[in-house]
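Undergrad: sequence first, then the predicted structure:
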Amino acid sequence: MKTIITLIALLGIGFQAMAHNDKANLAKIAVENVTNVAAVGPKKVMTVKNAAGEIIMMSRYINDTDLPVALVNNLMKKLPNEVFTSILEVTAQGEKTFVITLESATGFKVLKCNTDGNYEITIQFSKA
């Protein structure tokens, strides 16, 4: 489960970094078993299926208004000067996990959060 979430987080960061880069060749990015990437309104949904055709993982970009209230309250208390940059909701093995990128005046943080409001900082770097 942690491996899947970490891979999806890294893919999300990579796709976000390449979003406005015309020189990036997305055809070179190989992800096994990705069967469907679709835009549903402004949200991109990616599903991963196993060999039997069952969905084993789904991810989509969401807004901060779609986050659980407990998580938003916890983040507002612990990280009051941070602004949401992107939020990726990952559902795998019946569990929802959120990969949230936050920006402050001094840098960026990537958090892995659950629906109970708990989080851990997975990547942190400062602005140049």
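TA: Perfect, thanks for sending it. What you are looking at is a predicted structure, and each value in this text was computed from that prediction instead of being measured.
Undergrad: and the strands in this structure?
TA: 34-40, 43-49, 55-61, 83-92, 95-103, 107-114, 119-126 (DSSP state E).
Undergrad: which ones are touching K109?
TA: Under the criterion of Cβ atoms under 8 Å, 6 or more residues apart in numbering, the contact list for K109 reads L79, E82, T101, L102, I121, I123, Q124. No exception for glycine: its C-beta is placed from N, CA and C like everyone else's.
Undergrad: just for this structure, where's the confidence low?
TA: For the chain, the stretches flagged by pLDDT under 70 are 1-43.
Undergrad: what is the neighbour count of I100?
TA: Each residue near I100 was counted by other Cβ atoms under 10 Å, and the total is 25.
Undergrad: how about I62?
TA: Neighbour count of I62, defined by other Cβ under 10 Å: 15.
Undergrad: does N73 touch Y119 like I think?
TA: No: distance between N73 and Y119: 11.9 Å, which falls outside the contact criterion (Cβ atoms under 8 Å).
Undergrad: show me which of those two is the more surrounded one.
TA: Taking N73 and Y119 together and counting by other Cβ under 10 Å, Y119 has the greater number of neighbours (18 against 12).
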